[in-house]
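In: Turn this into a structure:
(one chain, ligands or ions: 2)
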Amino acid sequence: MDVTMIGLENAGKTSLLRVLSVRICILERAIPYQTIANIRAHREESSRSSKRLTLPDDTPILQQAAQIVPLFPPADSSSSIPTVGFNMKRVQRGHVTIKCWDLGGQPRFRPMWERYCRGVSAIVFIVDIADVVKLPVAKEELHSLMSQKTLDGIPLLVLGNKSDLPNKISVDELIDSLDLKTIAHREVSCYGISAKEETNLEAVVQWLMKWANR
Ligand SMILES: Nc1nc2c(ncn2[C@@H]2O[C@H](COP(=O)(O)OP(=O)(O)OP(=O)(O)O)[C@@H](O)[C@H]2O)c(=O)[nH]1
Ligand SMILES: [Mg+2]
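Out: Ligands and ions are numbered 1, 2, ... in the order given. Purely as a prediction, here's the structure:
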């Protein structure tokens, strides 16, 4: 199953992909506690040799371990650099493999969104719900993309991210601001989440699984 994540710059796409992949991988193959000592030993060795220990899907093993026993908080867990072009990460749950494309949100990367959304099983559009100034642009970009005939029928999940911030708008306000009720030819869902505090992420995983199993 291929999923494309889009949205304006700074919305939190890369942050979400990072926590989502850790969450999905952990549910499937948690690292046994006894391996923590091995990881620590490897980390010391890695820091000397500047190599990183990774699982087959390239998710750093230290990052996964940090979610089980917070011995090694990932250095970049609270900040992220803007994506240039795209990232791709494969995550697996049971027999389902999800290939997630995370596209850069800056204006110069938006023309490539349509190409990367063609033929995917689902599109995830992420919005910073604490940045109301950017909402009109987010709406314009979303509607412009959804009007492309090549993307007809592809289910859309709109995620209002950064629900941990005090000045956020509600999901109902997001639905109105983005005029989601006028988007046709597909199923549209909208949730509020926080990639930072990992709020409501299981709903996102369940939504993805629903479409992966069709
Ligand atoms: N408070 C808060 N900050 C968040 C959340 N998710 C992401 N951020 C922060 O928002 C900033 C941008 O996050 P990114 O994941 O890089 O955003 P992006 O959508 O990938 O941005 P581009 O790659 O430029 O398109 C970073 O400083 C993150 O730490 C969240 O749920 N809450
Ligand atoms: Mg990014």
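
In: Run through who's touching stretch 111-121.
Out: 1-4, 6, 86, 101, 103, 123, 141, 145, 148, 150-151, 154-155, 211-212, 214 (CB atoms under 8 Å, 6 or more residues apart in numbering). To be clear about C-beta, it is placed using only N, CA and C from the backbone, and glycine gets the same treatment.

In: let's see it at 10 Å
Out: By CB atoms under 10 Å, 6 or more residues apart in numbering, the surrounding residues in contact with stretch 111-121 are 1-7, 85-86, 88, 98-105, 109, 123, 125, 141-142, 144-146, 148, 150-151, 154-156, 208, 211-212, 214.

In: Return the members of the residues you listed classed as buried.
Out: In terms of neighbour count (16 or more other CB atoms under 10 Å), the buried residues within the contacts of stretch 111-121 are 1-7, 86, 98, 100-105, 109, 123, 125, 141-142, 145-146, 151, 154-156, 208, 211-212.

In: Just those: which are in helices?
Out: Secondary structure of the buried ones among the contacts of stretch 111-121 is defined by DSSP state H; positions in helices are 141-142, 145-146, 208, 211-212.

In: Output those of the contacts of stretch 111-121 also counted as contacts of ligand 2.
Out: The subset of the contacts of stretch 111-121 lying close to ligand 2, counting by CB under 5 Å from the ion, is empty.

In: Tell me where the protein has strands.
Out: If you assign secondary structure with DSSP state E, the strands in the chain sit at 2-6, 86-93, 96-103, 122-128, 156-161, 188-192.

In: Could you tell me the angle between the fourth one and strand 96-103?
Out: Computed with axes from the mean of the first three to the mean of the last three CA atoms, to 10 degrees, the direction of strand 122-128 lies at 50 degrees from that of strand 96-103.

In: Kindly report the same for the second one.
Out: Using the same axes, to 10 degrees, the interaxial angle of strand 86-93 with respect to strand 96-103 works out to 160 degrees.

In: Point out the other helices and strands that strand 86-93 packs with.
Out: Helices and strands in packing contact with strand 86-93 are listed as strand 2-6, helix 13-28, strand 96-103, helix 113-117, helix 201-212; criterion 3 or more CB pairs under 10 Å, 6 or more residues apart in numbering; DSSP states H and E.

In: Fine by me, we can end here.
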